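1. no sequence on this one, just coordinates:
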């Protein structure tokens, strides 16, 4: 990540000079970084709300039953944490929230899932197989109904704004499958 | 009313009623969990700041446009619509940035064109890989992501080619 971050910034600095607009750097620093505060401010209440509700759920002990019923899939994908009820539950909640397209809630569950997986991680600086798998599934996008996109299409005068739903589902399923295959491949290769 | 508008109220009601029926002290459990959540949200702030600065600088300085310019002749030769190249590069980097590119495509080509449909499918089936990875791993202090980004980008490439093929076949 260090290399990537350094690379993006170096290229950015270089091109702001080449294009004779060093003020871009100042603008990004003062105006764009404000958005990070906005993001966090939006995230705090949603995240606090869901972790609050999840604490309630944990106290009912229903999670033990839920994770047993999904065991085969979880055992295959998230081997390292398959017996960790809290981690498995947070993982499932994140994936469900992502499928339903409730983005901020998905982030809240996702961070919770990472914290639970980190507890049983022997090397705290290096990602476990389960963490990599979790991230890879998340970034391959598993959203079922792309509401934002449909809204934008409708706003720009499409005659059938939701006609892209089925193609999107097919493409998402395909790319997630590719993601799973490569994740499993690298998992074995790096052992 | 959307079906998706029903999911949250039903979920919240189900959790609360079930917990009360099991004798859980819902209010104290909620507050206890909420404090943890607020703390974690604050903890990821520096990671969000770091990634937003780097990505915006990369896009706004013209570095991204330069890379698109280099790749354009190659991808055109391969039959890949040039208009989608910028979207394909920006989408893994920035959610806000890709919305801007997407809107430009809709404005210039129309939502019901081949390009417009492809762009819609790409938008709906890909994620902001770098941002999500930085935030999730950052929240627990992991610095070695191993093969995560590599695999995410492979899946992104699969998304783009599948989107082109599916839109060609289905419409």
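-> Yes, it's here. Small disclaimer: the values here were computed from a predicted structure and weren't measured. Numbers count the residues shown, from 1 in each chain, chains lettered A, B, ... in the order given.

2. how many neighbours does the residue lying closest to residue A:146 once chain neighbours are set aside have?
-> Distances taken as C-beta to C-beta, 6 or more residues apart in numbering or on different chains put residue B:124 closest to residue A:146, at 3.1 Å, once the chain neighbours are dropped. Using the backbone N, CA and C atoms, a C-beta is placed for each residue, glycine as well. By the criterion of other C-beta atoms under 10 Å in any protein chain shown, residue B:124 has 27 neighbours.

3. quick check: residue B:124 touching residue A:166?
-> No - counting by C-beta atoms under 8 Å, residue B:124 sits too far from residue A:166 to count as a contact (10.9 Å).

4. report the distance from the longest helix anywhere in chain A to the chain centre.
-> The longest helix of chain A (DSSP state H) is helix A:34-60. How far helix A:34-60 lies from its chain's middle: 15 Å, per C-alpha atoms, centre = their mean, to the nearest Å.

5. phi, psi of the residue of chain B most remote from its centre?
-> Distance to the chain centre peaks in chain B at residue B:23, reaching 39.7 Å (criterion: C-alpha atoms, centre = their mean). When quoted as degrees, to the nearest 10, the phi and psi of residue B:23 stand at phi 80, psi 30.

6. the residue nearest the centre of chain A: what's it in contact with?
-> In chain A, the residue lying closest to the centroid (C-alpha atoms, centre = their mean) is residue A:138, at 4.1 Å. By C-beta atoms under 8 Å, 6 or more residues apart in numbering or on different chains, the residues touching residue A:138 are A:94, A:95, A:98, A:106, A:110, B:127, B:132, B:136.

7. for burial, what's the neighbour tally of the third one?
-> Residue crowding around residue A:98 was assessed by other C-beta under 10 Å; the count is 22.

8. low-confidence ranges in chain A?
-> Chain A contains residues with pLDDT under 70 at A:63-64, A:66-67, A:101-103, A:191.

9. please enumerate the helices of it.
-> A:2-18, A:23-27, A:34-60, A:62-69, A:71-77, A:85-100, A:103-119, A:129-139, A:147-155, A:165-189.

10. make CSV from the ones you listed and add distance to residue B:82 to it.
-> Putting the helices of chain A into CSV (distance: least, C-beta to C-beta, whole Å) gives the following:
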stretch, distance to residue B:82
helix A:2-18, 20
helix A:23-27, 24
helix A:34-60, 29
helix A:62-69, 48
helix A:71-77, 38
helix A:85-100, 31
helix A:103-119, 30
helix A:129-139, 25
helix A:147-155, 21
helix A:165-189, 20
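
11. surely residue A:99 and residue A:141 touch.
-> No - in this structure residue A:99 lies outside contact range of residue A:141 using C-beta under 8 Å: 9.9 Å.

12. neighbour count: the two, which is higher?
-> In this view residue A:99 and residue A:141 are compared by other C-beta under 10 Å, and residue A:141 has more residues nearby, 27 against 15.

13. quick one: the more buried one and residue B:123 touch, right?
-> No - with contact defined as C-beta under 8 Å, residue A:141 and residue B:123 do not form a contacting pair (9.7 Å).

14. did I read that right, residue B:165 in a helix?
-> Yes - counting by DSSP: H, G, I helix; E, B strand; the rest coil, residue B:165 is located in a helix.

15. since we're on it, how many residues are nearby?
-> Residue B:165, neighbours per other C-beta under 10 Å, totals 15.

16. and what of residue A:27?
-> 14.

17. how many neighbours does the residue nearest to it when sequence neighbours are not counted have?
-> Once flanking residues are discounted, residue A:27 sits nearest to residue B:60: 7.3 Å by C-beta to C-beta, 6+ apart. A count of nearby residues for residue B:60, using other C-beta under 10 Å, gives 22.

18. for the host helix or strand of residue B:97, give the mean pLDDT please.
-> Assigning secondary structure by DSSP states H and E places residue B:97 in helix B:95-109. Per-region confidence: helix B:95-109 scores 87 on mean pLDDT.

19. just the buried positions in the helix or strand just after it, please.
-> Downstream of helix B:95-109, the first helix or strand assigned by DSSP H and E is helix B:114-124. By 16 or more other C-beta atoms under 10 Å in any protein chain shown, the buried positions in helix B:114-124 come out as B:115, B:116, B:117, B:118, B:119, B:120, B:121, B:122, B:123, B:124.
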